[in-house]
Each structure stands twice: as C-alpha cells, then as structure tokens.
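>>> can you look at this prediction? I've put the sequence above it.
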Amino acid sequence: MDQFERLSQLPLRDDLRGRHPYGAPQLDVPILLNVNENTFGVPLDAKEAILKAVADELDGLNRYPDREFTELRRALAAYLGHGLTEENIWAANGSNEVLQQLLQAFGGPGRSVMGFPPTYSMYPLLASGTGTDYVAGTRDGDFGLSAGSAAAQVRRQAPNVVLLCSPNNPTGTALGLDVVEAVYEAGEASKAIVIVDEAYAEFSHTGTPSALTLLEGRPRLVVSRTMSKAFALAGARVGYLASAPEVADAIRLVRLPYHLSAITQATAVAALRNSDSLLANVEAIKVQRDRIVTELEALGLTPAPSDSNFVFFGGLQSPQAVWEGLLAAGVLVRDVGIPGHLRVTAGTEAETTAFLDGLRTILAR
Ligand code: PMP
C-alpha cells in the first residue's frame, strides 16, 4: 500500500488529497549543499554563550515562557536597526511558521495568496495548509520579475496576500525595491498584505537595499527574516518579521500561546548578543558563492546572478545524471525540478572545491 492509498482510508480534508509534503531529501552524505544552510557551523564563543543562556533557563523550565518574548523582540529590533522597536517585531519557530501565521491571519478559505514561481517551494504548501488559494504569477523569460509585470498581475488578480521572495529561492536573485513599491501600490485595491521574504538578505551584494527601508508609512508591508541562514542556526528554528505593530496584533489572534519555548528564546537572544561572531562567516560564504558563479561560467554553464548563499545554474543536459554523479562523489545538491537546472549551496572553501571538482569530472565524461 503506498502513501496515497493509506491516506485515502482516513477522513482527510478533500483539498489536501493527492498533495505531496515538503520533500528536500535528507540523505547521509558527507557534503550537504542542498538546503542552503550555513555549513561553517556555530563558532565556539557563540556555542558557549548559548549553552550558558540555556542552562540559566533550566531552573524556570517548570513555568511557561514569556508569551510575548519581549527580550527577543527587542534584540531582533536592535539587530535590524532602521529605527525599528520591539513593537515592530514578531517571531516564531522558523520563518516558515511566521509565514504560516501570516496566512492564518490574512489568508484562509475564500482568500488568495499570490507568488511568482519558480520561488520557495513552501509557499503553495503553506497556502494549502491554511486553506488559502495559491495564485501562481508568471516571471519574465530569464526568471526575473519587473515592476511593471508584477504590478499588473497583482492588479488583475487582486490577491489578499502577495509573497515576494528576495533574494529569490531557488534562483538566488534579488528584486529591485521598485518591484516591492509597485506591488504594494497595485495591492491597494485589494488591501493586500505584501510579504517580502528576505531569508537570505545578509548574503546580498553590498548596495542591494532591503525592503526594511520601505516599511515607514506602509502598514500592509511585512519583511520576513530568519536566523536559519546567515546566523547558522537552522536547528534552533527562529524566524521573525518586521512590520507595522498591528500586523503582530493580527498574528496574536492565531498563534498558539507560548509558541516560542524558553530554550528557543534564550538561544536566540544569546545568538544575537554574539551576532558579530555568528555572522563572521557570511563574507567567506559570499566569496565561495561568487567563485561558484565564475567557475560555472568557465565550464560553459549558465549560473544566475546570486545575492544569496546558493547558486542556481542551467545549461545541464541531464540534471538528474549530474545530481546522481555528485551524490556518488559525496556531494548533495538540490534538483528543484526545473529542466536543465540544479541549485547548490555555497559552503566552505573545501566543500565548494569538492562540488566543483566533482562537477568538472562529471561534465568531462
Ligand atoms: N524562506 C525562504 C526563501 C527559504 O529558502 C527558507 C528555507 N529554505 C525559509 C523561508 C524558511 O526557513 P526557516 O523556517 O528555517 O526560517
């Protein structure tokens, strides 16, 4: 009996029948460059600070944690700057949960959320989980998205929520702020909440502006961030958003009480106190990212310009064969199902070398 047959015996919601769960393969491979983690790991001084902060929480573990995670919101506001205070911040267990809570509050049955594929594969799943219609917009030929095209599509579809991913996963490319501004204006008619998912913002090239600079005077704009990528804390599950304070008030209506554990809060606050140390490898990752782009071009492939910690590249005759060849060489990359393309995370220098050497060998066969 396969998974679908087993499920068919349960009284599952009709709109979930036949759906596939999030499916990045979790394989035991020496070099994991498939889910855009920070492969440098957590530096020793940050580890020690987190260990102490967590130990200090243990005495109070019989009590529920601060439901408002005020200290964490304060620390996140200080990290983001831009004049933000704790009133502008909300956090949850990963930015996936932040996005889910936003859809619980602003999406739901009879409502729609618009995304622009190829983009983060969780968006349609978060939509279906919250009973929100997913409207797939279209991109330009080169996977780009112009302000004019995005705004026209939002005006036509009048969605309740728009998800803009910048830098975009899986392509790695950042959106111009003109796109965010145009989409925000186009969403005025349907009072659309415009979410800019900036999970990879810290890896942007110098001078790429963040949508945080647009928050002032735009109460329907939300910028989503995470500690999973640049902060090397994917395992801690901490994501957050910045917005007008009333967005957090809306989320308070749908969140579970005490959703951020005392351990999570202590970990995140300690990490933010040690952000210099945790973010120290961002520059090294950007160097490897730019190296991948240059070397893939030299191999005759077509990497997309990347503002993130990964590179999306085309020009492959058989991505599946290359994916398997790299796996055999001990390197796991991501096949995102786009013909001719694969995606690879920029790792340490040694990991990146292993990927490039493996790829060169496969392409020379
Ligand atoms: N947004 C984007 C664009 C992502 O790529 C990811 C992780 N792959 C997330 C959000 C979610 O990350 P997390 O839940 O770990 O914060």
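Great, that's in hand.

>>> got a list of what the residue of the chain at minimum distance from the ligand touches?
Nearest to the ligand in the chain, going by C-beta to the nearest ligand atom, is Gly94, at a distance of 2.7 Å. For the C-beta atoms, the positions are set from N, CA and C on the backbone; glycine is no exception. Going by C-beta atoms under 8 Å, 6 or more residues apart in numbering, Gly94 touches Thr226, Ser228, Arg237, Val238, Gly239.

>>> ranking these by neighbours, who comes first?
Val238 (30 neighbours; other C-beta atoms under 10 Å).

>>> picking up where we left off before, among the contacts of Gly94, which are in reach of the ligand?
Thr226, Ser228, Gly239 (C-beta under 6 Å from any ligand atom).

>>> closest one of these to Gly337?
Of all the ones next to the ligand among the contacts of Gly94, Gly337 sits closest to Ser228, with 22.2 Å by C-beta to C-beta.

>>> what number of residues are in the vicinity of the closest residue in space to the closest one that isn't next to it in sequence?
Closest residue to Ser228 apart from its sequence neighbours, by C-beta to C-beta, 6 or more residues apart in numbering: Ala234 at 4.0 Å. Using other C-beta under 10 Å, Ala234 is surrounded by 16 other residues.

>>> make residue 1 into 366 and carry on from there
In the new count, where the first residue is 366, that last one comes out as Ala599.

>>> can you pull the contacts of Ala599?
Counting by C-beta under 8 Å, 6+ apart, Ala599 touches Val400, Glu402, Asn403, Ser593.

>>> again, but for Gln465
Counted by C-beta under 8 Å, 6+ apart, Gln465 has contacts Ala457, Leu491, Gly494, Thr495.

>>> unless I'm mixing things up, Asp505 is touching Ser511, no?
Yes - contact criterion C-beta atoms under 8 Å: Asp505 and Ser511 qualify, at 6.1 Å.

>>> go through stretch 540-547 and flag the buried ones.
Within stretch 540-547, the residues scored as buried using 16 or more other C-beta atoms under 10 Å are Leu540, Leu542, Val544, Val545, Glu546, Ala547.

>>> for Ala669, see how far away the fourth one is.
Here Val545 is placed at a distance of 20 Å from Ala669 (C-beta to C-beta, to the nearest Å).

>>> how about the helices in the stretch 516-665 of the chain?
Under the criterion DSSP state H, counting those that start in this stretch, helices of the stretch 516-665 of the chain are mapped to 542-551, 610-617, 627-638, 640-643, 647-663.

>>> can you list the ones you listed in a markdown table and add mean pLDDT?
Putting the helices of the stretch 516-665 of the chain into a markdown table (pLDDT from 0 to 100) gives the following:
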| stretch | mean pLDDT |
| --- | --- |
| helix 542-551 | 98 |
| helix 610-617 | 98 |
| helix 627-638 | 98 |
| helix 640-643 | 95 |
| helix 647-663 | 97 |
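
>>> domain map for this structure?
Here the domain parsing of the chain from automatic domain parsing is 388-407+645-729, 409-638.

>>> so for stretch 553-560, what gets flagged as buried?
Within stretch 553-560, the residues scored as buried using 16+ other C-beta under 10 Å are Ser555, Ala557, Ile558, Val559, Ile560.

>>> can you give me the end-to-end span of it?
Stretch 553-560 stretches 14 Å from its first residue to its last (C-alpha to C-alpha, to the nearest Å).

>>> tell me if that stretch is near the ligand.
No - Stretch 553-560 lies apart from the ligand when judged by C-beta under 6 Å from any ligand atom; the minimum separation is 10.1 Å.

>>> one step back: so which of the contacts of Ala599 wins on neighbours?
Asn403 (26 neighbours).

>>> in TSV, list the ones next to the ligand among the contacts of Gly459 along with pLDDT.
Output for the ones next to the ligand among the contacts of Gly459, formatted as TSV (pLDDT from 0 to 100):
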residue	pLDDT
Thr591	98
Ser593	98
Gly604	98
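
>>> what's the burial count for the closest residue to Glu451 other than its chain neighbours?
Nearest residue to Glu451, sequence neighbours excluded (C-beta to C-beta, 6+ apart): Arg438, at 3.8 Å. The local packing of Arg438 (other C-beta under 10 Å) involves 23 other residues.

>>> tell me the contacts of Arg438?
Glu451, Ile454, Trp455, Ala456.

>>> repeat that for 7 Å
Glu451, Ile454, Ala456 (C-beta atoms under 7 Å, 6 or more residues apart in numbering).

>>> that one should be in a helix, yeah?
Yes - counting by DSSP: H, G, I helix; E, B strand; the rest coil, Arg438 is found in a helix.

>>> quick one on the thing from earlier: the more surrounded of Asp505 and Ser511?
Neighbour comparison, Asp505 and Ser511: the larger count goes to Ser511, with 15 against 11 (by other C-beta under 10 Å).

>>> for the residue most central in space within the chain, what are its contacts?
Most central in the chain under C-alpha atoms, centre = their mean is Ala564, positioned 4.0 Å from the mean C-alpha point. Counting by C-beta under 7 Å, 6+ apart, Ala564 touches Ser460, Arg590, Thr591, Lys594.

>>> the third one against Leu606, yeah?
No - here Thr591 does not reach Leu606: they are 9.9 Å apart, not a contact under C-beta atoms under 7 Å.

>>> where along this protein do the strands fall?
With DSSP state E, the ranges of strands along the chain come out as 396-397, 454-457, 477-480, 498-501, 526-530, 558-562, 586-591, 604-608, 667-668, 675-679, 696-697, 707-710.

>>> compute the inter-axis angle for the longest one and strand 604-608.
Orientation check (axes from the mean of the first three to the mean of the last three C-alpha atoms, to 10 degrees): strand 586-591 against strand 604-608 gives 160 degrees.

>>> give me the contact list for strand 586-591.
Taking contacts as C-beta under 7 Å, 6+ apart, the residues outside strand 586-591 that touch it are 459-460, 463-464, 467, 549, 558-564, 566, 575-577, 579-580, 604-608, 612.
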